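Chemist: pasting the structure only:
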């Protein structure tokens, strides 16, 4: 990765087919492996009440059979070649990938071409998968952290679709029809609402010829409906307490923050890193949590068994979260007070230059770790393109390095305020 004029040359090259399908390639000849990713600009933010969870359910259905690959065949074929594959749904996008030996990467291109245009949505498979989807939802409900996160989001957001989870609402999952799901697929799974990312050991010109052959005949679709909902300003603290059977008490605090296109996202990212270490990027986890402010203030002092902070940089304004798992025998109120005291420190005084250097180093490390594999490259390039655009990666580290301690203090004072926050508590009961 060489820098030029403040930009990293990451070797990302772009091509666009006549039908609007964008193809991003990163040639990397260090190992005979290729990762093929297909990304769609649809997630839970593109749903409405009545079909919440549709994007995630459609993702499941796209492993259930198409014109070329029948039910279960995708996993069998990828495993046969010693590869790995998966799919996932996010608030802002849905993605699928296959990482394969270089000589078998055409399989990944064929799988994604079949998935884009020829998914079957067999009625019997839809009903079978309804049971799986409901089971996944009910399994998530066994985890207090999931339930608290859902309650906090539903309390913080009153208008925007970010208020519901990717898994959707149970009543919607029970009521949705095959026609609802297939309509969602047809609306959003068009080449002009999708892009491919291919990273690894291939020759770009030959790859693009093959992409045109497999995808070029797919017709351009109508532009999908835009998300019109806008979240009004929060003017007072909101609180939600969830009491039910569980283990440890949990605390989560969330503040509204701007979208990923805002320059304030970078000092907010540094603030999150100061509080709990750098969040993961691509397909890799984060680093540096054990020396972070929250860990020192809460875990080392035996108030909490774990802590976290994360700035959710999304297409639309989202949330900055901090949270803690309360240590047994400690009153949750003490932990909440200690948590908020650390946030108040960010308001009252700028971080030291030593802290800023450490935070920047941690973010540089997570970037480098994510870029260390072709699967990680596909994940990083795709998530960037799906939100702000892949060229964000070229200036990402420079923009991180440009953040000053005064910038961190400024965004803390602007966004991490009492009227802008939602506080959630999970209190375990005996039954």
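Modeler: Okay, I see it. Fair warning: this is a prediction, and the values are worked out from it, not measured in the lab.

Chemist: domains of the protein?
Modeler: Here the domain assignment for the chain is 10-215, 238-429, based on automatic domain parsing.

Chemist: in a markdown table: those, plus distance to residue 221 and mean neighbour count.
Modeler: Glycine gets a C-beta too; all of them are placed from N, C-alpha and C. Shown next, in a markdown table, are those (distance: least, Cβ to Cβ, whole Å; neighbours: other Cβ atoms under 10 Å):
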| stretch | distance to residue 221 | mean neighbour count |
| --- | --- | --- |
| domain 10-215 | 3 | 19 |
| domain 238-429 | 17 | 19 |
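
Chemist: can I get those domains in CSV with mean pLDDT and distance to residue 225?
Modeler: Output for the domains of the chain, formatted as CSV (pLDDT from 0 to 100; distance: least, Cβ to Cβ, whole Å):
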stretch, mean pLDDT, distance to residue 225
domain 10-215, 97, 8
domain 238-429, 95, 14
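
Chemist: show me what contacts residue 426?
Modeler: The contact partners of residue 426, by Cβ atoms under 8 Å, 6 or more residues apart in numbering, come to 144, 145, 147, 148, 241, 242, 243, 246, 249, 250, 251.

Chemist: in a helix, that's where it is, yeah?
Modeler: No. With DSSP: H, G, I helix; E, B strand; the rest coil as the criterion, residue 426 is strand rather than part of a helix.

Chemist: that one bridge partners, please.
Modeler: Residue 426 has these beta-bridge partners by DSSP bridges: residue 242, residue 250.

Chemist: ok, residue 255 next?
Modeler: As for beta bridges, residue 255 partners with residue 320, residue 421 under DSSP bridges.

Chemist: residue 323 in helix, strand or coil?
Modeler: Per three-state DSSP, the local secondary structure of residue 323 is strand.

Chemist: how close does it get to residue 257?
Modeler: 16 Å (Cβ to Cβ, to the nearest Å).

Chemist: same question for residue 206.
Modeler: 43 Å.

Chemist: once you drop chain neighbours, what's closest to the most centrally placed residue in the chain?
Modeler: Centroid-nearest residue in the chain, with Cα atoms, centre = their mean: residue 90, separated by 5.2 Å. In space, and not counting its chain neighbours, residue 90 is closest to residue 43: 4.9 Å by Cβ to Cβ, 6 or more residues apart in numbering.

Chemist: okay but the one you found is in contact with residue 95, surely?
Modeler: No. Using Cβ atoms under 8 Å, residue 43 is not in contact with residue 95; the gap is 9.7 Å.

Chemist: dump the domains of the chain into JSON lines; add distance to residue 228 as well.
Modeler: Shown next, in JSON lines, are the domains of the chain (distance: least, Cβ to Cβ, whole Å):
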{"stretch": "domain 10-215", "distance to residue 228": "10"}
{"stretch": "domain 238-429", "distance to residue 228": "11"}
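
Chemist: closest one to residue 227 among those domains?
Modeler: domain 10-215 (5.5 Å; Cβ to Cβ).

Chemist: how long is the closest one from one end to the other?
Modeler: Taking Cα to Cα, to the nearest Å, the first and last residues of domain 10-215 lie 26 Å apart.

Chemist: off-centre distance for it?
Modeler: 13 Å (Cα atoms, centre = their mean, to the nearest Å).

Chemist: cool, stretch 212-227 as well?
Modeler: Between the centre of stretch 212-227 and the centre of its chain there are 24 Å (Cα atoms, centre = their mean).

Chemist: in that stretch, which residues are buried?
Modeler: Across stretch 212-227, burial judged by 16 or more other Cβ atoms under 10 Å covers 212, 214, 215, 218, 221, 224, 227.

Chemist: am I right that residue 351 is in contact with residue 267?
Modeler: No. With contact defined as Cβ under 8 Å, residue 351 does not reach residue 267; the gap is 10.4 Å.

Chemist: shared neighbours, the two?
Modeler: By Cβ under 8 Å, 6+ apart, the residues touching both residue 351 and residue 267 are residue 408.

Chemist: what sits against residue 55?
Modeler: By Cβ under 8 Å, 6+ apart, the residues touching residue 55 are 42, 43, 44, 46, 47, 89, 94, 166, 184, 188.

Chemist: ditto for residue 100
Modeler: Counted by Cβ under 8 Å, 6+ apart, residue 100 has contacts 33, 34, 35, 36, 78, 81, 82, 83, 107, 108.

Chemist: do that again at 7 Å, thanks
Modeler: Counting by Cβ atoms under 7 Å, 6 or more residues apart in numbering, residue 100 makes contact with 34, 78, 81, 83, 107, 108.

Chemist: also residue 324?
Modeler: 251, 298, 304, 306, 307, 335, 339.

Chemist: got those as TSV, with distance to residue 368 and secondary structure columns?
Modeler: As requested, the contacts of residue 324 are exported to TSV (distance: Cβ to Cβ, whole Å; DSSP: H, G, I helix; E, B strand; the rest coil):
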residue	distance to residue 368	secondary structure
251	33	strand
298	29	helix
304	30	strand
306	26	strand
307	25	strand
335	34	helix
339	31	helix
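
Chemist: now the two most distant members of those residues.
Modeler: With Cβ to Cβ as the measure, no two of the contacts of residue 324 lie farther apart than 306 and 339, at 12.2 Å.

Chemist: report the distance from stretch 320-336 to the chain centre.
Modeler: Centroid displacement of stretch 320-336 relative to its chain, using Cα atoms, centre = their mean, is 25 Å.

Chemist: quick one: terminal-to-terminal distance for that stretch?
Modeler: Taking Cα to Cα as the measure, stretch 320-336 stretches 16 Å from start to finish.
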